[in-house]
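> A predicted structure for the sequence below; I have some questions about it.
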Amino acid sequence: MCALENGMKLQKRQVSRNSSVGRFHLSSTHLGSDRRHSSTWSALATPAFRKLWIAGVVSGTCVAAHDTAAIWMMNMLTPSPFLISLLSTVASLPFFLFTLPAGALADMVDRKKLLCLVQLWLAGTAAGLAILGWLNLLNPYAILVFVFLIGVGFALNAPVWTSSVSELVSIADLPSAATLGGLQLNISGIIGPALGGLLIPLIGPNSVFAANAACFLVVILAVLQLKRTTRQSKTGLESFFASFVTAIRYVRYAPGLQIVLARNALFALFISVIPALMPVVGLKTLHLNPSQLGLLFTSMGAGSVAAAAFIIPRLRARYSSDTLIILAKLLIVLVYVLMAVVRQKELFLVVAALCGMGWTLAASELWVAAQRAMPGWARGRMNATVIMVSQGALALGGVIWGSAVAAAGTTYTLLGAAVLFLTSLALAGRLSINFTGTLNLEPDPVVPFSHKLIYTPLPHDGPVSITVEFKVDCAHGQEFMDLMREVRLIHLRNGAYSWQLHEDLTRPNSFRLEMIVPSWNEHLLQKERMAKAEKELLQNAWSLHLGSTPPEERIYLAVNRELHTPRQCDYQPPSLSKSPV
């Protein structure tokens, strides 16, 4: 169950720079400089964030104490190292299964209400674990089931919590919010395990579970004071299924986000050694008692706090994101080697502190990169996708390292993990995330619809086809093609499901762009989703059109269904004068 805490740390903190990455988001240099000058504590100047952060510290302390009690209970009920390591997989699996639906909900419903419902679920499951313990009905498999159920709550919580935090602070304060997010969990990680280790002999694990249930209610009090700041769509919301499709489509046509996802998956696969094997080494090799077990995780939290408060700000001022992550991974490789050879309990606490430093440093940089690579209109779904990929890799890693321990023992497994992790650093250059420091996804203001329509389609009428006619000087032909590659990605990730560029065989240097969106409502949403940088790139492409007027744009609505069933509409006769495009 301590694996659950570490899994939450990963999900809350979390292509080289070719034209596909660098050009569709035009450079915004102030973001990079703001990132370097943002202090660790600047996000706390925002009152709403500060209240949520304090509530998170209180609840996280209870969760950490709960985790210590649960893993101690598991250790008392089973001698199997595999079942103990399986806790990390069971805790991570719900994130893989339920986070994307939760992300869709986070972009569709009131996040404040959703957060409250999730906290009630978490309180109920923690209370249920306490009740079963008091009734003497707990066994290793019952604990695994409740770890899974609590994981479901955290999986539903993760995207809406992350999205809410991201919209509470400015872009310049995102690094601060990322660091404070890790700091919040690690302050809890210092106090909670030590508190749990002290309370287990005094009041028993079941009372610790009950106290955790009560702490979730503290979060509800903080959430009730939040105000939603995300701009609501002026058009209709997507359906739940369409929201899934939109998330998949955006990831498919956003190369930058794909890089961030790959880096998160790779890191999660190897960092899963910690939640899978740290309890095994502590309990089965070092034979720690409850207080010592709590102190082990307290040491990890102390290392994380030291990194967040003193190390990360200084390193961020000097090094790029990729360099920081490489340094963090090298530290984690050293930790794996030390975990394999160190058998003195006091020295092992130092190893745990180093682990917390490396984990916090890498995870916070990956989280900031992810937030910069996703648009506000899909932040819930994109956060869910990042968490789903990370936790899927974490779950897979838990099975791999747990099986390796059962087959080869902890020492050889840890040394093998260190060698493989060190080898994976070769991918850092090819999958650089430094480009995220110059991304600009600020939405472009929606302008009034300029076309004169003969009637206004209903929201679900469609499909809708939009065509644009270009005539391009042959001297700019290659530049036009390069720009249109980026235009294609913009349109496809923002709503189009088909995009074609045709060359006119009867007129030289004439081209026709045609894209199709599923419905009229989707066409309006596509306009709302356009970022300023994307709009500028489209204008650059349109500027290559020869002539004094812009390229001619036409909008067509499919009427195949009307061949069988006449549509009821408010028909307006077209004007005799030519409509402006």
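Structure received. Numbering: from 1, shown residues only.

> give me the helix or strand of this structure that scores worst on average pLDDT.
helix 19-22 (a mean of 34; mean pLDDT, DSSP states H and E).

> residues in contact with the nearest residue to L349 once chain neighbours are set aside?
Closest residue to L349 apart from its sequence neighbours, by Cβ to Cβ, 6 or more residues apart in numbering: S299 at 4.2 Å. No exception for glycine: its C-beta is placed from N, CA and C like everyone else's. By Cβ atoms under 8 Å, 6 or more residues apart in numbering, S299 lies in contact with 349-350, 352-353, 356.

> okay, and S299 sits in which element?
helix 290-306 (DSSP states H and E).

> just the CA trace of that helix, in CSV.
The C-alpha coordinates for helix 290-306 follow below in CSV (Å, rounded to 0.1, in the frame of the first residue of the first chain):
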residue,chain,number,x,y,z
PRO,A,290,6.5,-0.8,12.3
SER,A,291,8.4,2.2,13.6
GLN,A,292,11.4,1.5,11.4
LEU,A,293,9.2,0.9,8.4
GLY,A,294,7.5,4.3,8.9
LEU,A,295,10.9,5.9,9.3
LEU,A,296,12.0,4.3,6.0
PHE,A,297,9.3,6.1,4.1
THR,A,298,9.8,9.2,6.2
SER,A,299,13.4,9.3,5.0
MET,A,300,12.2,9.0,1.4
GLY,A,301,9.8,11.9,2.0
ALA,A,302,12.5,14.0,3.6
GLY,A,303,14.8,13.5,0.6
SER,A,304,11.9,14.6,-1.7
VAL,A,305,11.3,17.7,0.4
ALA,A,306,15.0,18.6,0.4
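
> compute the distance from the centre of that helix to the centre of its chain.
26 Å (Cα atoms, centre = their mean, to the nearest Å).

> how about it: buried residues?
By neighbour count on 16 or more other Cβ atoms under 10 Å, the buried set for helix 290-306 is 290-306.

> go on, stretch 139-149?
Buried positions in stretch 139-149, judged by neighbour count with 16+ other Cβ under 10 Å: 140, 143-149.

> repeat that for stretch 210-227.
Using 16+ other Cβ under 10 Å as the test for burial, stretch 210-227 gives 210-213, 215-216, 218-220, 222-223, 226.

> in helices, which of the residues you listed appear?
Taking DSSP state H, the ones among the buried residues of stretch 210-227 that sit in helices are 210-213, 215-216, 218-220, 222-223.

> flag every buried residue along whichever strand or helix holds A123.
If you go by DSSP H and E, A123 is part of helix 111-134. Neighbour-count burial for helix 111-134, counted by 16+ other Cβ under 10 Å, picks out 111, 114-119, 121-123, 125-130, 132-133.

> please apply the same query to stretch 468-475.
Neighbour-count burial for stretch 468-475 [16+ other Cβ under 10 Å]: 468-472.

> CSV for those residues, including secondary structure?
CSV is the format used below for the buried residues of stretch 468-475 (DSSP: H, G, I helix; E, B strand; the rest coil):
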residue, secondary structure
V468, strand
E469, strand
F470, strand
K471, strand
V472, strand
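
> dump the residues you listed to a markdown table, plus distance to T78.
As requested, the buried residues of stretch 468-475 are exported to a markdown table (distance: Cβ to Cβ, whole Å):
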| residue | distance to T78 |
| --- | --- |
| V468 | 65 |
| E469 | 71 |
| F470 | 69 |
| K471 | 74 |
| V472 | 70 |
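
> quick revisit: what's the closest of the buried residues of stretch 210-227 to R507?
The closest of the buried residues of stretch 210-227 to R507 turns out to be L226 (Cβ to Cβ; 57.2 Å).

> what's the closest non-adjacent residue to that closest one?
Distances taken as Cβ to Cβ, 6+ apart place K112 nearest to L226, at 5.2 Å, with adjacent residues excluded.

> which members of the buried residues of stretch 139-149 are positioned in helices?
Taking DSSP H as the definition of helices, the buried residues of stretch 139-149 contribute 140, 143-149.
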